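**Student:** A predicted structure for the sequence below; I have some questions about it.
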Amino acid sequence: MSPNLDRAMEKRSPEYFDNPGYIPSDFEPSKLQLSVQRANSFPLVASVQIQTTKVRVRKRTQIFAAIAANMGAFALGAVLAWSATALPSLRESKGIGAISKSAESWIGSIATLGAVAACPAAGYSMVRYGRRLSILMLTAPFVLGWLLIAFAEKSPYPIETIYFGRILTGFCGGAFTIISPVFIAESAHVKIRGGLAAGFDLMLSIGMLYIYIIGAYYDYKIQALACAVVPILCHVMMLIVPESPRFLVERGRMDEAIKAIMWFFGLEGQELNDEMENLTRSVIESQAKPINFRKVVMKLSVLKPILICVAVLFFYTMSAVDAIIFYAVDIFESTGSNLDPKDSTMILGAVQVIATIPAAFIVDKCGRRLLLMISELFMCLSLVAMGLFFYVAEYEEGSKNKLIHPELGTLPLVALNVFIIAYSVGIGPLALMMMGELVPSHIKGMTSCVVLMIRWFLGFAVTNLFETLEHDLGVDCTYWIFGAICAIGVLFVYFCVPETKGKTLDEIQIFFISKDKLRPSLTPLRLSRTYSAPSLKDFQITNNLKI
């Protein structure tokens, strides 16, 4: 041991050595500059004696917190699906006036531009102010956006007012795609983290069904007012939930972090000490890493998971799922089916919700890779089937949506339901979840911002150009193009995406700096009293220690 470290350790009270979970009151990890190295002469694993006593954690508070955070997904689902049922209502509104095809495309797609703008703001906010406070600050602009839409016809510029309202609601909804997955990943136990994170897509689907049902019976104004209620409910629920324990430790707020861990996991005594010790050590190690974003991403161990996240979200977006959700009523109307387009849209929304429910339970049993591949495969087949329908469909003379063979009209409904089922059990919930799992904690804010900006910009491009592609290339070719992209996605997942089922966030990061495959997690385990923390014999602290 170095003389400097000897003098530093002498200043610590005996309680520091007697209690392995002891957290000094003056300990502020944000002020530490540590670099930890493993001693070459004393392997770490040689000093560890593992007991297989499982730590029992309370689940109900974690579930409540996840539901509260995922209410933002509910609100986002309403934003995305609003245009599907609102556009037919807007066309009939006398107060709005005539709406051009171009204006309809912008009303549908401009919310995604708001989401693009939200990414840097949300990424900064959740690092600067915390995950919980960032969610609470979204309520006011979210409600304002919906009120602008609801009362747009009273404005001298109604279309432009709707544009602005859509940008605001898209901004707030897009912010939740960054903040909520991170908050859940940091506040959920590894054994249920996957299921709770998958709840984001479940709530997204419920939000879509919510507006599909309301839109089938009420005009766009009532739809907007109904949507304004959702962020208020999210705000009330989040007032009950504490901040992410990891964020509190990063800010040196140890007392609050201990209370948060007790609230989320229900731990006490030595189990609480162990959890706090592991979290503190993880934060110290992450803060010891370089924080210059450009330098960090140049490292292969960091660049690789970022590129995987970008690719997964690319295949997610380029499946045209946004266009199908945004224009569901118009798509069903264009098929010429005898079924009412709004009824078909409600069926689609109900199937999505039903399909998403088992996804929250099977994601931690089947694994991420298998679900992603199955999802992309069946989405591909569904889009090919849609293309074939429009290729062979024959319409009555003088009509673009009256089939000569009406029995074919059920094929698009079946194909799109298969598509939405495949999406809901696979890439839908997993795309954002894997970003929360794969990206290193110390650059998660900036990376989430960049990755989701790309995702939402692609979403804007797809939804804004979807009808143009149908007109220029043909409806059949448009669906086949997106189907081919899904087929490529299957191959990408098979060759490039690692399995993260049952792995802690730290184990996932180890995978990208090791040639060995990830081994099953040993957590939650109790370490014996002969090893309670990184031993001074096993590790060398090479930087200055401020004590």
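**Tutor:** Received the coordinates, thanks. Residues are numbered from 1 along each chain as shown.
**Student:** can you tell me the number of residues neighbouring residue 61?
**Tutor:** Residue 61 sits with 18 neighbouring residues when counted by other C-beta atoms under 10 Å. The way it works is simple: take the backbone N, C-alpha and C, and place the C-beta from them, glycine included.
**Student:** ok, and for the helix or strand in which it is found, which residues are buried?
**Tutor:** Using DSSP states H and E, residue 61 maps to helix 60-92. Buried residues in helix 60-92, defined by neighbour count with 16 or more other C-beta atoms under 10 Å: 61-62, 65-90.
**Student:** same check on stretch 209-229?
**Tutor:** Judged by neighbour count (16+ other C-beta under 10 Å), stretch 209-229 contains these buried residues: 209-216, 219-221, 223-228.
**Student:** cool, stretch 470-488 as well?
**Tutor:** Applying a neighbour-count criterion of 16+ other C-beta under 10 Å, the buried positions in stretch 470-488 are 470, 475-476, 478-480, 482-483, 485-487.
**Student:** how about the helices in the stretch 1-150 of the chain?
**Tutor:** For the stretch 1-150 of the chain, the helices identified by DSSP state H, counting those that start in this stretch occupy 3-10, 14-18, 60-92, 101-128, 131-136, 139-150, in order along the chain.
**Student:** okay, the ones you listed in CSV with mean pLDDT and distance to residue 349 next?
**Tutor:** Formatted as CSV, those follow (pLDDT from 0 to 100; distance: least, C-beta to C-beta, whole Å):
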stretch, mean pLDDT, distance to residue 349
helix 3-10, 39, 61
helix 14-18, 38, 57
helix 60-92, 91, 7
helix 101-128, 89, 17
helix 131-136, 93, 25
helix 139-150, 95, 19
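**Student:** indicate which one of these is closest to residue 447.
**Tutor:** Ranking the helices of the stretch 1-150 of the chain by distance to residue 447, with C-beta to C-beta as the measure, places helix 101-128 first at 8.2 Å.
**Student:** which elements pack onto that closest one?
**Tutor:** helix 60-92, helix 131-136, helix 158-187, helix 321-326, helix 444-473 (3 or more C-beta pairs under 8 Å, 6 or more residues apart in numbering; DSSP states H and E).
**Student:** touching stretch 378-393 from outside, list them.
**Tutor:** Stretch 378-393 has contacts (C-beta atoms under 8 Å, 6 or more residues apart in numbering) with 319-320, 335-336, 403, 408, 411-412, 415-416, 418-419, 421-423, 427, 474-480, 482-484, 486-487, 489-490.
**Student:** of those residues, which belong to helices?
**Tutor:** 411-412, 415-416, 418-419, 421-423, 427, 475-480, 482-484, 486-487, 489-490 (DSSP state H).
**Student:** tell me, how many residues neighbour residue 330?
**Tutor:** The number of residues packed near residue 330 is 17, by other C-beta under 10 Å.
**Student:** and it, what does it touch?
**Tutor:** With contact taken as C-beta under 8 Å, 6+ apart, residue 330 is in contact with 84, 87-88, 341.
**Student:** again with residue 116
**Tutor:** Contacts were defined as C-beta under 8 Å, 6+ apart; by that measure residue 116 touches 174, 453, 456-457, 460.
**Student:** ok, now with 6 Å
**Tutor:** With contact set as C-beta atoms under 6 Å, 6 or more residues apart in numbering, residue 116 has these partners: 453, 456-457.
**Student:** got a winner among the residues you listed for most neighbours?
**Tutor:** Neighbours here are counted as other C-beta under 10 Å. On that basis the top member of the contacts of residue 116 is residue 456, with 26 neighbours.
**Student:** look up how far residue 333 lies from residue 342.
**Tutor:** Here residue 342 is placed at a distance of 9 Å from residue 333 (C-beta to C-beta, to the nearest Å).
**Student:** cool, residue 102 as well?
**Tutor:** Here the criterion is C-beta to C-beta. By it, residue 102 lies 19 Å from residue 333.
**Student:** for those two, indicate the residue with more neighbours.
**Tutor:** Counting neighbours by other C-beta under 10 Å for residue 102 and for residue 333 shows that residue 333 has the greater number, 18 against 11.
**Student:** thought the more buried one was touching residue 340?
**Tutor:** No. Contact status for residue 333 versus residue 340: not in contact, 9.2 Å apart, counting by C-beta atoms under 6 Å.
**Student:** still on that earlier bit, now the helices and strands packed on helix 101-128 as JSON lines including distance to residue 200?
**Tutor:** Output for the helices and strands packed on helix 101-128, formatted as JSON lines (distance: least, C-beta to C-beta, whole Å):
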{"stretch": "helix 60-92", "distance to residue 200": "5"}
{"stretch": "helix 131-136", "distance to residue 200": "13"}
{"stretch": "helix 158-187", "distance to residue 200": "6"}
{"stretch": "helix 321-326", "distance to residue 200": "15"}
{"stretch": "helix 444-473", "distance to residue 200": "13"}
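**Student:** closest one to residue 145 among those helices?
**Tutor:** Proximity to residue 145, assessed across these by C-beta to C-beta, is greatest for helix 158-187 (3.1 Å).
**Student:** ok so, going back, mind checking which of the buried residues of stretch 209-229 are in strands?
**Tutor:** Nothing among these maps onto strands, per DSSP state E.
**Student:** what's the weakest-modelled helix or strand in this protein?
**Tutor:** In the chain, the helix or strand scored least confidently by mean pLDDT, DSSP states H and E is strand 539-541, which has a mean of 31.
**Student:** so which residues of the stretch 301-450 of the chain form strands?
**Tutor:** If DSSP state E, counting those that start in this stretch is used as the criterion, the stretch 301-450 of the chain turns out to lack strands entirely.
**Student:** show me where pLDDT drops low in it?
**Tutor:** Counting by pLDDT under 70, the low-confidence segments of the stretch 301-450 of the chain come to 360, 364, 394-407, 441-442, 445.
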